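> sequence? don't have it. structure:
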């Protein structure tokens, strides 16, 4: 896409790569698809939190490919902090009451 700036002035101040330069009129700009790279910080507002990595051992177990249940995470004191299969809820039998 081409755009031109036509003016009564002989020169116009334009911004190129963050710098202000004087260019003779008419100034013609060509916009090419995917030509502009924009770098933004990862922790900018509005960015969703990254998804946790996939637990391939758990997925193989749930798919029936592996007969060994994956290890559950603990908080360093040797006690398990999660359920036997994270994400499936409590696996212990529940009483009817």
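It's in. All values derive from a computational prediction rather than experimental measurement. Numbering: from 1, shown residues only.

> strands along this structure, start to end?
2-5, 11-16, 19-24, 27-30 (DSSP state E).

> burial count for residue 60?
Counted with other C-beta atoms under 10 Å, residues neighbouring residue 60 total 14. In short, each C-beta sits where N, CA and C put it, glycine included.

> please name the nearest non-neighbouring residue to it.
For residue 60, ignoring the flanking residues on the chain, the nearest one in space by C-beta to C-beta, 6 or more residues apart in numbering is residue 66 at 4.1 Å.

> tell me the spacing between that neighbour and residue 52.
Distance check for residue 66 against residue 52: by C-beta to C-beta, to the nearest Å, it reads 20 Å.

> same deal with residue 45?
22 Å.

> quick one: low-confidence parts of the chain?
By pLDDT under 70, the weakly predicted segments of the chain are 72-97.

> and the residue nearest to the spatial centre of the chain, how close does it get to residue 37?
The residue lying closest to the centre of the chain (C-alpha atoms, centre = their mean) is residue 50, at 6.3 Å. Going from residue 50 to residue 37 by C-beta to C-beta gives 22 Å.

> repeat for residue 68
46 Å.

> neighbour count: those two, which is higher?
The neighbour count for residue 68 versus residue 37, taken as other C-beta under 10 Å, is higher for residue 68 (8 against 5).

> going along the chain, name the helices of the chain.
For the chain, helices defined by DSSP state H occupy the ranges 56-63.

> hang on, the earlier thing: neighbour count for residue 66 and residue 52, which is higher?
residue 66 (14 against 7).

> surely residue 6 meets residue 25?
Yes - assessed by C-beta atoms under 8 Å, residue 6 is found in contact with residue 25 at 6.4 Å.
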